Structure formats: structure tokens, C-alpha cells
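Trainee: after the sequence you'll find the predicted model.
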Amino acid sequence: MDTLIQIRRDLHQIPELGFQEFKTQKYLLNKVQSLPQDYLTISTWKTGIVVQIAGSNPTKTVGWRTDIDGLPIVEETNLPFASTHEGQMHACGHDCHMTIALALVQAFATNQPKQNVIVYFQPAEEGPGGAEPMLEWIKSERPDLLPDEIYALHIAPEHPVGTVATRPGLLFANTSELFIDLKGLGGHAAYPHKTRDMTVAAANLILQLQTIISRNVDPMESAVITIGKMTSGTVQNIVAENARLEGTIRTLNAEAMKEVKRRIEAICKGIEASFECSISIDYGSMYYEVNNNEDCANKLLSFAEQFENCKAVLSPAAMTGEDFGYFLKEIPGALYWAGANCEYGLHHAKITPDEDLLAFNANFVEQFIRSL
Ligand SMILES: CC(=O)N[C@@H](CCC[C@H](N)C(=O)O)C(=O)O
């Protein structure tokens, strides 16, 4: 295989959105098929891949999962290996995650592990969610692909390379996408009284939505509503007949998610009455929280504590979402933040993870799995 850096750069150039990861799947399959096949069994599911590695003397099956999709972001890194797909970018580290997963397959294909290992290359983590349907497929058609325990990582720009940060219990939030469409009445910009202006209605709605966090969520709890995109109108001198808000909700438990949604619906009803418009709400896809198994997270942390050049950190929970939570709902396991040492954060057009994280984490995860 090429070096890990070369693989990451190749993958970085071909980011694809959820369930459209055709080039990515082909690239990954080529790499896996070029390895010695003695211990490997390769399966595909949609744009994903599952690689089983037969252990030499197994008492259990250990899973490792990577996500494989990119984001709809115009890259601004100016790197010589920047995305060649206009408007799409690996801005959440999935190029690094895939490289580490490939390195694991290579390590176990050439030096057989004791335990059975399964590496999952899962599509559509950023949306609409690949973990839940992949697990449904596994449970209904391929129960041989269910592991006894499962692990994953996510790059963390704010930590130095060599950091393994995790915690037993809740690590990532419950998420729900949020799409709100407002319909009013368009017309001439000079005659607003004859129209129902959805730019003004949407602006009011955004401000009122933020009061849910400050006035309806217990201050000792926490929640997020982010509207990441707002569109309205057609041209500068026509009152907007339509507006659309696109966002996401994050909560620390399912009850809080229900309450936030109840308040969103109530506020939308109020906006409908006060701006004489109609509003429809679509919650898109939802992800179950990432809840680390106590024992598995502690095993990761203790292994990290004694691993050379590694800094084990007991991480606080974050409002990030991850559909790896669906795996953890069914199978004991844990996810950790892997230090990536970069100035810009996740989902930023200028994010450039430190490539030293590839070799460090490939080695760390391989040795961790061999220790189980
Ligand atoms: C690790 C990470 O950044 N994950 C995404 C998951 C997004 C889920 C869904 N599309 C949503 O926006 O709710 C995140 O934004 O946390």
C-alpha cells in the first residue's frame, strides 16, 4: 500500500456526500483487495464496505468503525491535494478516519490478530445517517457481521496529536436536523402592506427559537439550536413569498429533545398567527446519543495511559452528533477524540489536520485491539 499520508491525500481529493461515496468505495475496495487475502472476507452494503479479518485463536469479535462521507463545503485550504469535487470537502476528518481504518486492515491482513476483527467503512455519517440502516441490514441479513464490542475515533482539532480523549457514559449529544419552510405572500417591495413578508417572519422566528435554549431548557442541562442556513426571496425589490431555515438541534437526552421540539412547534404556530403565513416543519434525520460503555471506555483510557507518547484525557461530553451512537445502543464499545492539532475546527473550510495523527492512531488502535 501507499504511505498513510498518500492515502489520506488521495481520499481528501475525492470527498462525496452521504450515500454517493462511489469513488471512495472503489478506492477503498482497491486498497483492501491489494492486500494478502488469507484472513480477509470483504462484503459491501450500499456505498459502504465491511472487512472481516479471521483471528488466529479468537474468543470474541472486535469491531472498528470509520465514516467515509464528506460535507457540502467549498474548501479554502489552498492545499496542493485540495478537493477536486467543487463544493464538497472532507472537513470533518473522515479522510483521516478512513486512512486509519485501512491501515488497520493492512496490519491485520499481514500479521493475523488473535481475535476476529471487523472493520466497517460506513457511509453517510454527516447525513442522512448510515449507521442505523447498516445495522438493520447486519441484524436482518448478516448477523455474522455483529461484533462483541466496537470502537471508533473522531479527530479533535483542539488537542495535540497523541491525545486520546474519551469518557465512560455520554460523550456526544442526541441530534435532530431541522428544516422549516415558511409561506406568505409575495409582491412589490414598495407595497409591503399588500404582502406577507417571509424574510421578516423568518428573522423573527430565528430570534424566538433561541429563547427555547435560554428560557425553556433547564439551565443545569444544556441544548443547542443552530440555524446554519437561511434562504428567502428571489430578488431585492420583491417581498419574499417563501423562506426556509435549515438547522440542527442538540440535547443531552431524549426527553429534552421532545421538549425542544414541542416549543419549536408552539413558536411556529405563534409566527403563523402574527405574520399570517403557513409553516411546515421537517425534522430530517435524527441520531441517537453516543453513550460509551463504561468498561470499554475505561479500557481505552487505561491503554492510552501506558501507551508511549500518548496523553489520555478524561473528556467532557460535547454537543457533536455521531451516528456511531446507533452501534453503541446495541453493542458495548466506545469512541474517542483523537488529537489532530489544527487551528481551524471541524466543519471549517480551512481545516488541515496534522497528518502525524495518522501513524500515531493507526498504531495505537492496532495495539489496543491486539490487547483485547
Ligand atoms: C462529528 C460531527 O460533526 N457530526 C455531525 C453529525 C450531523 C448530524 C446531522 N446531519 C445534524 O446536523 O443533526 C455534527 O454536526 O455534529
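Mentor: Thanks, I have the structure now.

Trainee: which SSE is immediately downstream of the longest helix belonging to the chain?
Mentor: Using DSSP state H, we find that the single longest helix of the chain is helix 254-275. Per DSSP states H and E, helix 254-275 leads on to strand 278-282 as the next helix or strand towards the C-terminus.

Trainee: quick one: Ala201 from Glu366, how far?
Mentor: 55 Å (CB to CB, to the nearest Å). Yep, even glycine has a C-beta here, placed from its N, CA and C like the rest.

Trainee: of those two, which one has the most company?
Mentor: Between Ala201 and Glu366, counted using other CB atoms under 10 Å, the more crowded position is Ala201 (23 against 20).

Trainee: okay, and the more buried one sits in which element?
Mentor: Element membership of Ala201 [criterion: DSSP H and E] is helix 198-211.

Trainee: can you list contacts of the helix or strand just after that helix?
Mentor: Heading C-terminal from helix 198-211, the first helix or strand you meet, by DSSP H and E, is strand 223-232. The contact list for strand 223-232 (CB atoms under 8 Å, 6 or more residues apart in numbering) reads 173, 178, 182, 198-199, 202, 206, 209-210, 212-213, 217, 240, 242-252, 256, 260, 264, 319.

Trainee: intersect those with the contacts of the ligand.
Mentor: For the ligand, the contacts drawn from the contacts of strand 223-232 by CB under 6 Å from any ligand atom are Thr248.

Trainee: from the contacts of strand 223-232, keep the buried residues only.
Mentor: Burial by neighbour count, judged by 16 or more other CB atoms under 10 Å, picks out 173, 178, 182, 198-199, 202, 206, 209, 212-213, 217, 240, 242-243, 245-252, 256, 260, 264, 319 from these.

Trainee: show me where pLDDT drops low in this protein?
Mentor: Residues of the chain that meet the criterion pLDDT under 70 lie in 1.

Trainee: ok, and the closest non-adjacent residue to Arg369?
Mentor: Arg isn't right for residue 369; it's Ile. Excluding its sequence neighbours, the residue lying closest to Ile369 (CB to CB, 6 or more residues apart in numbering) is Val62, at 5.3 Å.

Trainee: so that neighbour touches Lys114, yeah?
Mentor: No - if you go by CB atoms under 8 Å, Val62 and Lys114 don't touch, sitting 9.9 Å apart.

Trainee: for His97, which non-adjacent residue is closest in space?
Mentor: Spatial nearest neighbour of His97, excluding adjacent residues (CB to CB, 6+ apart): Thr66 at 4.3 Å.

Trainee: ugh, wrong one, Gln88
Mentor: That would be Pro15: by CB to CB, 6+ apart, it lies 4.5 Å from Gln88.

Trainee: quick one: secondary structure of that neighbour?
Mentor: Here Pro15 is recorded as coil under DSSP: H, G, I helix; E, B strand; the rest coil.

Trainee: quick check: phi and psi on it?
Mentor: phi -70, psi 140 (degrees, to the nearest 10).

Trainee: and Glu276, what does it touch?
Mentor: Glu276 sits next to 184, 196 when contact means CB under 8 Å, 6+ apart.

Trainee: how close does it get to the ligand?
Mentor: Applying CB to the nearest ligand atom, to the nearest Å, the value for Glu276 to the ligand is 31 Å.

Trainee: next, that residue: phi, psi?
Mentor: With angles defined as degrees, to the nearest 10, Glu276 sits at phi 50, psi 60.

Trainee: could we number from 21 for the rest of this?
Mentor: Yes, from this point I'll number from 21; that puts the last item at Glu296.

Trainee: measure it to Gly150 for me?
Mentor: On the measure of CB to CB, Glu296 and Gly150 end up 41 Å apart.

Trainee: same check on Gly189?
Mentor: Remark: distance between Gly189 and Gly150 (CB to CB) = 24 Å.

Trainee: who has more neighbours, those two?
Mentor: Using other CB under 10 Å as the criterion, Gly189 and Gly150 rank with Gly150 on top: 27 against 13.

Trainee: that one against Glu156, yeah?
Mentor: No - Gly150 is beyond contact range of Glu156, at 10.8 Å (criterion: CB under 8 Å).

Trainee: on that earlier part again, pretty sure the residue nearest to Gln108 is touching Phe101, no?
Mentor: No - in this structure, Pro35 is not within contact of Phe101 by CB under 8 Å, at 11.6 Å.

Trainee: what residues are shared contacts of these two?
Mentor: When contacts are counted by CB under 8 Å, 6+ apart, Pro35 and Phe101 have no shared neighbour.

Trainee: up against the ligand, what does the stretch 271-392 of the chain have?
Mentor: Going by CB under 6 Å from any ligand atom, the residues of the stretch 271-392 of the chain near the ligand are 307, 340-342, 366.
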